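Provided below for reference: sequence and predicted model.
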Amino acid sequence: MTDDIASSKDGRRALPADRNTFPKLLAHNIARHGDRPAYREKEYGIWQSWTWAQAGADIHAFAKGLIGLGLAPGDYVAIIGRNRPAFYQAMVAIQCAGAVPVPVYQDAVAEEMAYVLDHCGARFVIAEDQEQVDKVLEIQDRLPGLEQIVYLDARGLRKYDHTHLHKHEEVMAAGRASDNDTDLERRQAALGPDSTCVMLYTSGTTGRPKGVVLSNANIIMTARNSAEFDALGPGDSVLAYLPMAWVGDFIFSMGQAYWAGFCVACPESHMTMQHDLREIGPSYFFAPPRFFEGLLTNVMIRMEDAGRVKKWLFDRFMKLAKRVGPAMLDGHRVGAGDRLAYRLGEALVYGPLKNTLGLSRVRVGYTAGEAIGPEIFEFYRGLGINLKQLYGQTEASVFITQQHDGEVRADTVGTPSPGVELRIDDSGEVFYRSPGVFVEYFKNPDSTAGTKDDSGWVATGDAGFIEPDTGHLRIIDRAKDVGKMADERMFAPKYVENKLKFYPNILEAVVFGAGRQMCCAFLNIDLTAVGNWAERNNIAYASYQELAAHPRVFEMFQAHVEEVNASVAQDEMLAGCQIHRFVILHKQLDADDGELTRTQKVRRRIIEEKYADIIAALYDGSQQVSTETEVTYEDGRKGTIKATLEIRDAKVAGAENRMAAE
Amino acid sequence: MDGPPHTTPDGRTIGDVVMEMRNITLRFGGVTAIKDISFDIREGEIRAIIGPNGAGKSSMLNVINGFYHPQEGEIWFRGQRRKPMKPHEIAHQGIARTFQNIALFRGMSVLDNIMTGRFTRMRAPWWQQAVWAGPAEREEVANREVVERIIDFLEIQAIRKTPVSRLPYGLQKRVELGRALAAEPKLLLLDEPMAGMNVEEKEDMSRFILDVNDEFGTTIALIEHDMGVVMDISDRVVVMDYGAKIGDGAPEEVRANPAVIDAYLGVAHD
């Protein structure tokens, strides 16, 4: 994009008066491109679509239906379900009726849901199906404010008591038949840029979730800036498959979609996402690093099983792609021979591969949330997919920094997004100020004051630095996780964990070492990758636990850990973070057990408490440890797993090699 | 449970008797597989037939769906005595079934397998279907819609185009249920729908059976030897042992029946 748009001042200009709320953006889109598709959803095997005009009619009908049920301005309405056009439309309908949508993670167990629903005091809940309705009914006696539940999928719900339960279609039909248009218009007119647009609960790596209140101006200005940054227009399309409760989905599938007027497609079910991605072929795509890692692992696994000729072609052209692909994408000069060979590769390998992955038409791709392995990043860029990184937070309405086309690197998160000011304080923590900065944490002035100062600067909680020559921001770790070891050397667990996680076999890693003599690690196997390796090597196993404890898996992981140690040792500042001892866990760390957040980030404190016995064994020199772990099943029941885990020592590079507890 | 049509506590309507077995006896040469058994199936209920291995459960199901013709006894279906019939004639009467050992077309996709279940609903002559013209095309589109609703109902969208042979056992069972549903049966016969499944698969299948009954009002007769599952989902249970009926009634009655306890647990009761 051009410099003037990227400039901070331009990103802070006010919104036009006819586009400063979602109801107004909807009207604008109906008027400007009423016949163009606004939503698509695959149902019964066929892509169904809604034009902006149709979506608008449904939204207004549903809004009137909700008003008919007694929805008042300022109410909070929880939305529980996977990405579906009906939910996106419901969010705008709720806004049109003057209320505030609160999307909730649909995989949350009833207990977690109870906290959020109670905290926001939701009077209405819009739930997807019986599973979600059952969860809400289970906790309803703890939710005195809850009055009405609307559901989408009637299956299994027919015989339920319908005094406070309503079918979505019926609410919409009642709204269509009603005559409260003037009421609806009055409510829409009362909204402005400062009225609350949405409330999103942050999953929070520590403590209770916090309700982040975002205004229309926060969302729409951020959406405008980022849409202009990448020149998103009505011709673009996205696939909405990430949790609706996550701020990113709200910005991409609501903010940018309404600002730029592009079409949001929803998959048939979460299981068909990959297939639907291929059918839709989005031009704008976001996925967390985990997704790209998983996809690459799958490609590699399938190539292992491919014929000799195909394998040879793939290897040869991928080598070329790695060498010239990223350079070509960045617009650098590449020799004529390479360019010709790359074009041949495009016809033989890259094109078909991108088509299989559903990434053929991706013009702008983003990843964020975690560091992405340089090899993984280069793989996609080598194929000619414009994958970039951004850095964001719920409190910023996502965008803090992002990478310009032509300035893309694996190890930075880019320069400040339009309208964002950045500063690093003395302790190394990153602060920002932008039009997207949240209004407040709901009912939590202490936390609000602790995060945002009077002049609007927000602490990210991340430690990082700005590269002097390029202006790119580099994130080291969570500020509170960066600590010191017993001998005052710097301890940055994430830095090492990321290096470990770049191996396809390692799904998750947790490194300990703050205040201690040495660093130790928990590792999780990636069942897909390690399972495939086991199959190829004729290794039989009956369970996750058995495979994770296999001696040859240990050997392989030991080699990975030692390679990482060698690479960590290169960095003088962080050489102390080498892994001395490690254990492969008998179960996958899981959000249902509270070990990860719903966005799959490690919750250190909980893991430290839960596995205190294993950590103690890591540091007391034992060769094995017996442990019993509580697990939560998907339906909320609990069980325990017993295991005896082996602990391995890993070679450490450099002089400061300390043997364990001797 | 017996008696006139009524509504169950969970809100389902149990109607009149749709099928009645009167004094059925079935012999294979000198072996008597079924000895003088009588029971009925009511509209809208989930009726289970249980019993240890070799009790004659599958034979009973084969009698119900007309594959075996009993030497003695009468079968009454919808108020009429049923004459011996061929299987496809039975299918046209609105009875569909699944099999204990999955009987799908292994090389065909899930979608095509379920489409075969629509066979009894296809009216267009074969030459029209061959060129996919006129009424045949409209018919196929309508049938596909029914099948897609079943795929949605059974939550198997992700495997729509997958050949059946590549699916795990639990999913194959689900596809088989889908094919039986495609015939839009009045009476659905399930032969050991949970055999060989793990606990999670059993729970899923139980849920689908209950949902089929609830959503479409389909009458279901199932055979199963997993007592726990049967007791949880059935309205009434017939218990068989060595070809004879040793119990019949609501699950709690059957569970307390001393003869049943003997047959199942093989221990003396107090």
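Perfect, thanks for sending it.

What helix or strand is residue A:583 located in?
Using DSSP states H and E, residue A:583 sits in strand A:579-584.

For that strand, which helices and strands make contact with it?
Other helices and strands packing on strand A:579-584, by 3 or more CB pairs under 8 Å, 6 or more residues apart in numbering or on different chains; DSSP states H and E, are strand A:519-525, helix A:551-569, helix A:612-620, strand A:638-649. C-beta coordinates here come from the backbone N, C-alpha and C atoms, glycine included.

Quickly run through the sheet partners of the shortest one, with directions.
Okay, so that is strand A:519-525. strand A:506-512 (antiparallel), strand A:579-584 (parallel) (DSSP bridges).

Redo those as a markdown table? Include mean pLDDT.
Shown next, in a markdown table, are the strands paired with strand A:519-525 (pLDDT from 0 to 100):
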| stretch | mean pLDDT |
| --- | --- |
| strand A:506-512 | 93 |
| strand A:579-584 | 95 |
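
Please produce JSON lines containing the ones you listed, extended by distance to residue A:335 and mean neighbour count.
What follows is the strands paired with strand A:519-525, written out as JSON lines (distance: least, CB to CB, whole Å; neighbours: other CB atoms under 10 Å in any protein chain shown):
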{"stretch": "strand A:506-512", "distance to residue A:335": "37", "mean neighbour count": "23"}
{"stretch": "strand A:579-584", "distance to residue A:335": "42", "mean neighbour count": "24"}
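
Just send those back as TSV, with distance to residue A:471 too.
Below are the strands paired with strand A:519-525 laid out as TSV (distance: least, CB to CB, whole Å):
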stretch	distance to residue A:471
strand A:506-512	30
strand A:579-584	33
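
ok, back up a step: which of the helices and strands packed on strand A:579-584 sits most buried?
Mean neighbours per residue, mean count of other CB atoms under 10 Å in any protein chain shown, is largest over the helices and strands packed on strand A:579-584 for strand A:519-525, with a mean of 24.

For it, what is the distance to the chain centroid?
For strand A:519-525, the separation from the chain centroid amounts to 23 Å (computed by CA atoms, centre = their mean, to the nearest Å).

and what of stretch A:567-579?
Relative to its chain's centre, stretch A:567-579 lies at 29 Å (CA atoms, centre = their mean).

Please list the outside residues in contact with it.
Taking contacts as CB atoms under 8 Å, 6 or more residues apart in numbering or on different chains, the residues outside stretch A:567-579 that touch it are A:485, A:487, A:489-493, A:495-496, A:499-500, A:511, A:513, A:519-521, A:561, A:564-565, A:650, A:652-654, A:656.

Return the members of the residues you listed classed as buried.
The neighbour count (16 or more other CB atoms under 10 Å in any protein chain shown) marks A:485, A:490-493, A:495-496, A:499-500, A:511, A:513, A:519-521, A:561, A:564-565, A:650, A:652 as buried among those.

all strands of chain B, in order?
B:6-7, B:13-14, B:17-28, B:31-42, B:46-50, B:72-77, B:80-81, B:95-97, B:187-191, B:219-224, B:236-241, B:244-249 (DSSP state E).

How about the residues of the stretch 101-250 of chain B by chain A?
With CB under 8 Å from any CB of the partner chain as the criterion, the stretch 101-250 of chain B meets chain A at residues B:111, B:144-145, B:148-149, B:151-153, B:155, B:157-158, B:160, B:211, B:214-215.

Going by neighbour count, which of these comes out on top?
Across these, neighbour numbers were computed from other CB atoms under 10 Å in any protein chain shown; residue B:151 holds the maximum, 23 neighbours.

pretty sure it is touching residue A:45, no?
Yes - counting by CB atoms under 8 Å, residue B:151 does reach residue A:45; the two are 7.0 Å apart.

one step back: quick check: which of the helices and strands packed on strand A:579-584 is nearest to residue A:413?
With CB to CB, the closest approach to residue A:413 among the helices and strands packed on strand A:579-584 belongs to helix A:551-569: 20.7 Å.

Just the CA trace of the closest one, in PDB.
The C-alpha coordinates for helix A:551-569 follow below in PDB (Å, rounded to 0.1, in the frame of the first residue of the first chain):
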ATOM      1  CA  PRO A 551      11.900 -45.700  23.300                       C
ATOM      2  CA  ARG A 552      12.400 -44.800  19.700                       C
ATOM      3  CA  VAL A 553      10.100 -41.800  20.000                       C
ATOM      4  CA  PHE A 554      12.300 -40.800  22.900                       C
ATOM      5  CA  GLU A 555      15.400 -41.100  20.800                       C
ATOM      6  CA  MET A 556      13.900 -39.000  18.100                       C
ATOM      7  CA  PHE A 557      12.800 -36.300  20.600                       C
ATOM      8  CA  GLN A 558      16.200 -36.400  22.200                       C
ATOM      9  CA  ALA A 559      17.800 -35.600  18.900                       C
ATOM     10  CA  HIS A 560      15.300 -32.700  18.400                       C
ATOM     11  CA  VAL A 561      16.000 -31.300  21.800                       C
ATOM     12  CA  GLU A 562      19.700 -31.500  21.300                       C
ATOM     13  CA  GLU A 563      19.500 -29.700  18.000                       C
ATOM     14  CA  VAL A 564      17.400 -27.000  19.600                       C
ATOM     15  CA  ASN A 565      20.000 -26.700  22.400                       C
ATOM     16  CA  ALA A 566      22.700 -26.200  19.800                       C
ATOM     17  CA  SER A 567      20.700 -23.500  18.200                       C
ATOM     18  CA  VAL A 568      19.800 -21.800  21.500                       C
ATOM     19  CA  ALA A 569      23.500 -21.800  22.500                       C
END
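
Name the nearest residue to residue B:48, sequence neighbours excluded.
If the residues on either side of it in the chain are set aside, residue B:48 comes closest to residue B:234, at 4.0 Å by CB to CB, 6 or more residues apart in numbering or on different chains.

The one you found - how many residues pack around it?
Neighbour number of residue B:234 under other CB under 10 Å is 23.

Could you pull up phi and psi at it?
According to degrees, to the nearest 10, the main-chain angles of residue B:234 amount to phi -90, psi 150.

and if you look at residue A:462?
Given degrees, to the nearest 10, the pair of backbone angles that residue A:462 has is phi -110, psi 140.

what sits against it?
Contacts of residue A:462 (CB under 8 Å, 6+ apart): A:429-430, A:475-479.

Same question for residue A:173.
Applying CB under 8 Å, 6+ apart, the residues near residue A:173 are A:61, A:65.

close enough to count as contact, residue A:66 and residue A:171?
Yes - between residue A:66 and residue A:171 there is a contact under CB under 8 Å: 6.7 Å.
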